[in-house]
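Novice: I'll drop the sequence and a predicted model, then ask my questions.
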Amino acid sequence: MNVCSSTYNNTPHGKLKIRISPSLNSLEFFLIREGRETLLGIIKNPLLLWDPVKIRCLSTKEIIAELFGQNTIIEYDGVSIIWNYKVWPPAIDSLFLAKILRETDYLNRNIRTVVDVGSGTGFLGIYFCVKNKAIKEVYAVDVDPEAARWTAVNAIKNNVADRILVCVGDGLRPFREMPFADLIICNPPYIPTPPGEASNAFNPYGGTYLLENVITSARKYSDGELIIVYSSVSAVEVEKSKKKEKLKGEILGRLKIPFRVPAVLSNRRWLDFLINQRGLKFYLDKKDGYYYWHEIFIERIPLS
């Protein structure tokens, strides 16, 4: 079955745009040059936002690779953000959360105040703000000042700058300890590190510092709900944190995807830890082109 096609063969002098269908079953690459969009290729049923196995079959793969991360435009369900390589991008897990929000009643609820913890490019908070007109304010907080800058840029791009309040800080700590938010959303780093290696707030992919901190402190800032994203490899930390605060959750969605974090895949000790102690799946003959797989969970945790 042909899962990808491409239509362009010239040298690029423009920007890359990636459009993901609302159902996540197709991904289109465009070259934007002189105000015009040219289709570079289509991938059906992508496993990741950057799916190298399927991108390899596109004749335009070198163009796409050259432009990827250079102020790339990522568009989902009518919301378009600019992503620069200096900031962690909205990957398939963020898009999956947006899809879950879209398929449930969250975009129609009377939600007034939202906190997006670890906002990165601002995609999740901006998506929520654009799609739910009842929202009065979204506090987008990230420990990285560069991420906060791009959140502000993307809020302006989507005409919601008057409802997005950008904060630089560690998790929920910039806020007063009072239940002011109706909803907290968070797609944190969720790859636990091996014993003896510290987990910190500044690692964009490894460690469970923010994941654990948000779960254990959420009640101080909201009496509504927390929606959190995590991996099967960090389920231990999630359950431990919920138990500590006597919280119970409900799984809203789950998605099996390839595990593709170069810093982990190149670290034998880290990789062995995840396989042997955290259930990271390894397929000797590869599965759909990938050796390693994990499962992403979207969990709703009531806080009242």
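Specialist: That came through, no problem.

Novice: Please work out how many residues are found near the closest residue to residue 33 other than its chain neighbours.
Specialist: Once flanking residues are discounted, residue 33 sits nearest to residue 14: 3.2 Å by C-beta to C-beta, 6 or more residues apart in numbering. (C-beta placed from N, C-alpha, C; glycine too.) The number of residues packed near residue 14 is 17, by other C-beta atoms under 10 Å.

Novice: same thing with residue 176?
Specialist: 7.

Novice: Can you show me the strands along the protein?
Specialist: 4-6, 15-20, 26-33, 36-44, 72-76, 79-83, 113-117, 137-142, 164-168, 181-186, 222-231, 250-258, 281-287, 290-302 (DSSP state E).

Novice: Adding mean pLDDT, write these out as CSV.
Specialist: Output for the strands of the chain, formatted as CSV (pLDDT from 0 to 100):
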stretch, mean pLDDT
strand 4-6, 55
strand 15-20, 97
strand 26-33, 96
strand 36-44, 96
strand 72-76, 97
strand 79-83, 96
strand 113-117, 97
strand 137-142, 96
strand 164-168, 96
strand 181-186, 97
strand 222-231, 97
strand 250-258, 98
strand 281-287, 97
strand 290-302, 98
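
Novice: Pick the most deeply packed of the ones you listed.
Specialist: strand 113-117 (a mean of 26; mean count of other C-beta atoms under 10 Å).

Novice: packing partners for that strand?
Specialist: With contacts taken as 3 or more C-beta pairs under 8 Å, 6 or more residues apart in numbering; DSSP states H and E, strand 113-117 sits against helix 123-131, strand 137-142, strand 181-186.

Novice: if we compare those, which one ends up closest to residue 250?
Specialist: Taking C-beta to C-beta, strand 181-186 is the member of the helices and strands packed on strand 113-117 nearest to residue 250, at 14.3 Å.

Novice: Can you list the strands that that closest one pairs with?
Specialist: With DSSP bridges as the test, strand 181-186 is paired with strand 113-117 (parallel), strand 222-231 (parallel).

Novice: So what touches it?
Specialist: Strand 181-186 is touched from outside by 97, 106, 111-118, 124-125, 128, 139, 172, 210-211, 214, 218, 221-222, 224-229, 303, with contacts defined as C-beta atoms under 8 Å, 6 or more residues apart in numbering.

Novice: circling back to that earlier point, ok, the residue nearest to residue 33 touching residue 35?
Specialist: No: if you go by C-beta atoms under 8 Å, residue 14 and residue 35 don't touch, sitting 9.7 Å apart.
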